[in-house]
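>>> Please work out how this folds:
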Amino acid sequence: MAAFIRLRRLGAVAAVAGGSYFTIVSNPPIAFSDRGGTLTDIKQKIADPFAIVPSRAVQESALIGSSAANPLDILVVGGGATGCGVALDAATRGLRVGLVEREDFASGTSSRSTKLIHGGVRYLEKAFFNLDYGQLKLVFHALAERKQLIDNAPHLCHALPCMTPCFSWFELVYYWAGLKVYDLIAGRGLLHLSRYYSAQESVELFPTLARKGKDRSLTGTVVYYDGQMNDSRVNVALACTAALAGAAVLNHAEVVSFLRDEGTGRIIGARIRNQLSGNVFDTYAKVVVNAAGPFCDSVRKMADKEAKQMICPSSGVHIVLPDYYSPEGMGLIVPKTKDGRVIFMLPWLGCTVAGTTDSNTDITMLPEPHEDEIEFILDAISDYLNVKVRRTDVLSAWSGIRPLALDPRAKSTESTSRDHIVCEDFPGLVTITGGKWTTYRR
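Sure, this is the predicted structure:
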């Protein structure tokens, strides 16, 4: 059980493009069972360009085929980044794995991200000023994972230079020094060295960047590198690769209740409804992993109606603007706007993505961006651009719910975590929540 709770790292990440599968799998710390095959067999199957993901009917049959006498090792609830990552990790270790997702893979928060694979410059700043080792550890882990993901899935992830404008020599030295520390922490995972650009060089690289603003002039910029990803495709790739590794993954399948041992009350599986056919069936498992993101409290309350809430939902709104707002291959990130927030503009699929907000919200299936959040983003980026920012330029907008987590075992709720929290607060049900894309494997 301790291995399940710790969910130790396995160097296994896979992605799919054009029908071909790409993976790197390192030797796991536990022995493989005969049921899961050998590591070599799994690597060969995943790497086979002609490999076919089992059909939906086959996946459902595998889930139905479990029994109290012959349960799955793990049943994962949730088909986002964390849930699919857990399923792939467990399947490549030789465990019998099932995964169910109420909607579609990546239909929630995992497809509504910033599209960045980043270590977290903000977290590094907090780590130093607040002497917070937890934040520093998160940056170390995230930077290592950033390089791992880019190397493993270069068709879906790539390095992206990000420009940070500075309007005083103090700002310039401050950000230059901070980003050099960021480079240093990356170590072997460094993408490229950060560097200083003069004001003239900066506007040549980013033509829409304003040299003069309200009572200030551009002194220069510091350009550093983070990663950019196609989040929804990576998520679906993880699900498909887990299926190739032997996991039974089924989308549009909702957990309606848990199965319990009559003697001990321990959770031993779940009753599942196929949302497409209406078929209801039972799946038995030694451990159920709750990776339902913002909805993990709803899953926990199925096990215990008195379960203490551990999710503090936060809304992250992004807008899509025309391509001329940012040059191809260069992003703009302002670590601290006039009201202390972070704002960015990134090239994305022939357009520009701008964001983000960080405000309290309710948990809903289809969160919608509010007009005041859209206006905040437009107002924030207008301070740094030499083009007129108009509401009519907004091509689309989306809102994602960050599942910021409170540890239910903590005595106070002074701060929420940007890292994953893993707990077993009910026998047989392990909950993993919080975290972000860059650390989904941790």
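>>> So, low pLDDT: which residues of the protein?
Within the chain, the segments meeting pLDDT under 70 span 1-37, 407-418, 442.
>>> all helices for it, in order.
2-6, 39-47, 56-64, 81-91, 121-129, 133-152, 169-186, 199-205, 231-244, 296-303, 371-382 (DSSP state H).
>>> hey, which of those is tucked in deepest?
Highest mean neighbour count of the helices of the chain: helix 81-91, a mean of 29 (counted as mean count of other Cβ atoms under 10 Å). For the C-beta atoms, the positions are set from N, CA and C on the backbone; glycine is no exception.
>>> helices or strands up against that helix?
Applying 3 or more Cβ pairs under 8 Å, 6 or more residues apart in numbering; DSSP states H and E, one finds that helix 81-91 makes contact with strand 12-17, strand 72-77, strand 97-100, helix 231-244, strand 429-434.
>>> State the distance from H158 to W437.
Distance of H158 to W437, computed by Cβ to Cβ, to the nearest Å: 15 Å.
>>> More neighbours: those two, which one.
W437 (26 against 15; other Cβ atoms under 10 Å).
>>> OK, contacts around that one?
81, 110, 113, 117, 229, 231 (Cβ atoms under 8 Å, 6 or more residues apart in numbering).
>>> V334: which of the residues you listed is nearest?
S113 (18.7 Å; Cβ to Cβ).
>>> Which residue, neighbours along the chain excluded, lies closest to that closest one?
Of all residues not flanking S113 in the chain, D231 sits nearest, at 4.9 Å (Cβ to Cβ, 6 or more residues apart in numbering).
>>> Verify the stated contact: the one you found with T109.
No - with contact taken as Cβ atoms under 8 Å, D231 and T109 are classed as non-touching, separated by 9.5 Å.
>>> Contact partners for P403?
109, 293-294, 296, 311, 313, 433-434.
>>> Show me the one of the helices and strands packed on helix 81-91 that comes nearest Y284.
strand 72-77 (6.7 Å).
>>> Could you pull out the buried residues of stretch 102-110?
102-103, 105-110 (16 or more other Cβ atoms under 10 Å).
>>> CA atoms only: put that stretch into PDB for me.
Output of stretch 102-110 as PDB, limited to C-alpha atoms (Å, rounded to 0.1, in the frame of the first residue of the first chain):
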ATOM      1  CA  ARG A 102     -16.900  10.700 -16.600                       C
ATOM      2  CA  GLU A 103     -16.500  13.000 -19.600                       C
ATOM      3  CA  ASP A 104     -13.700  12.700 -22.200                       C
ATOM      4  CA  PHE A 105      -9.900  12.600 -21.600                       C
ATOM      5  CA  ALA A 106      -8.600  16.100 -21.100                       C
ATOM      6  CA  SER A 107     -12.100  17.600 -21.100                       C
ATOM      7  CA  GLY A 108     -11.500  19.500 -17.900                       C
ATOM      8  CA  THR A 109      -8.700  21.500 -16.400                       C
ATOM      9  CA  SER A 110      -5.900  19.500 -18.200                       C
END
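>>> Show me what that stretch is in contact with.
79-81, 84, 101, 231-232, 235-236, 239, 249, 251-255, 275, 293-295, 365, 400-403, 437.
>>> Go ahead and measure how far it is from the middle of the chain.
12 Å (Cα atoms, centre = their mean, to the nearest Å).
>>> With stretch 362-382 instead?
On Cα atoms, centre = their mean, the centre of stretch 362-382 falls 20 Å from that of its chain.
>>> for it, how far is the first residue from the last?
Stretch 362-382 has an end-to-end distance of 29 Å (Cα to Cα, to the nearest Å).
>>> Give me the contacts around it.
By Cβ under 8 Å, 6+ apart, stretch 362-382 touches 103, 294-295, 311, 313, 315, 317-319, 325, 334, 337-338, 341, 343, 345, 354-357, 359, 361, 389-391, 394, 397-401.
>>> Are any of those buried, and if so which?
Using 16+ other Cβ under 10 Å, the buried members of the contacts of stretch 362-382 are 103, 294-295, 311, 313, 315, 317-319, 325, 334, 341, 343, 345, 354-357, 361, 389, 394, 397-401.
>>> that older thread, which members of the contacts of stretch 362-382 occur in strands, if any?
Counting by DSSP state E, those place 311, 313, 315, 317-319, 334, 343, 345, 354-355, 359, 397-401 in strands.
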